[in-house]
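>>> Sequence first, predicted coordinates after that:
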Amino acid sequence: MQLSVVRPVERRRGELAACALLGFGAALAAGFLCGEVFGTGGHRRMGRLLRHRLSREPRSPDPGPAVQLARVRGVLAADPVLHGESIEVRRRGRGLELRGWLSTRSGRALAHRLARSAAGELEISNHLLVRGEDDGASVRPADLPTVRPASA
């Protein structure tokens, strides 16, 4: 019966530091990749990138922001529930912003959903307010607690 003899592997200090640095770099790159894919808004960017790379058909040119702004305004003006509401749509950074006052919370949600579907890939900032809720009219002076002076 023969026993194998294993000699301890001698590593130099520079080789160990290089392996540690390589491992740290790989972990850092994996962290950035995971942050882009699963972080705030990154999954949308990665999804667009992957769809663009994996699609075989040529991509149609993206309409300009002015065309999308007009499309969102048209969709909101055409909706019978939102008819008569004061909704302002304007460009804000790389997306669009909705501003104005609506009479109901469901109208606010409907306006945001319609604008998001009509805008395509543009981001929508919803700054719509609801009358009676966001203007402080729901707090009446009779609802406020009264402070009575302490008797001595």
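Good, I have the coordinates.

>>> How far away from the center of its chain is the helix or strand harbouring residue 14?
For residue 14, the host element (DSSP states H and E) is helix 13-38. Between the centre of helix 13-38 and the centre of its chain there are 28 Å (Cα atoms, centre = their mean, to the nearest Å).

>>> next structured bit after the worst-scoring helix or strand of the chain on mean pLDDT?
One helix or strand of the chain scores below all others by mean pLDDT, DSSP states H and E: helix 42-54, with a mean of 65. Downstream of helix 42-54, the next assigned helix or strand under DSSP H and E is helix 65-78.

>>> other SSEs contacting that next one?
Applying 3 or more Cβ pairs under 8 Å, 6 or more residues apart in numbering; DSSP states H and E, we find helix 65-78 packed against strand 86-92, strand 95-102, helix 105-119. All C-beta spots, glycine's among them, are computed from the backbone N, C-alpha and C.

>>> Now do that helix: everything it contacts.
The contact list for helix 65-78 (Cβ atoms under 8 Å, 6 or more residues apart in numbering) reads 63, 82-83, 87, 89-91, 96, 111, 114-115, 117-120, 122.

>>> Now do it against strand 95-102, angle only.
Here the directions of helix 65-78 and strand 95-102 differ by 20 degrees (axes from the mean of the first three to the mean of the last three Cα atoms, to 10 degrees).

>>> Pop out the phi and psi values for residue 83.
Backbone torsions of residue 83, given as degrees, to the nearest 10, read phi -60, psi 130.

>>> May I have the distance across stretch 9-18, first residue to last?
This stretch, stretch 9-18, spans 17 Å end to end (Cα to Cα, to the nearest Å).

>>> average pLDDT across that stretch?
For stretch 9-18, mean pLDDT is 77.

>>> For that stretch, could you pull out the residues that count as buried?
Using 16 or more other Cβ atoms under 10 Å as the test for burial, stretch 9-18 gives no buried residues.
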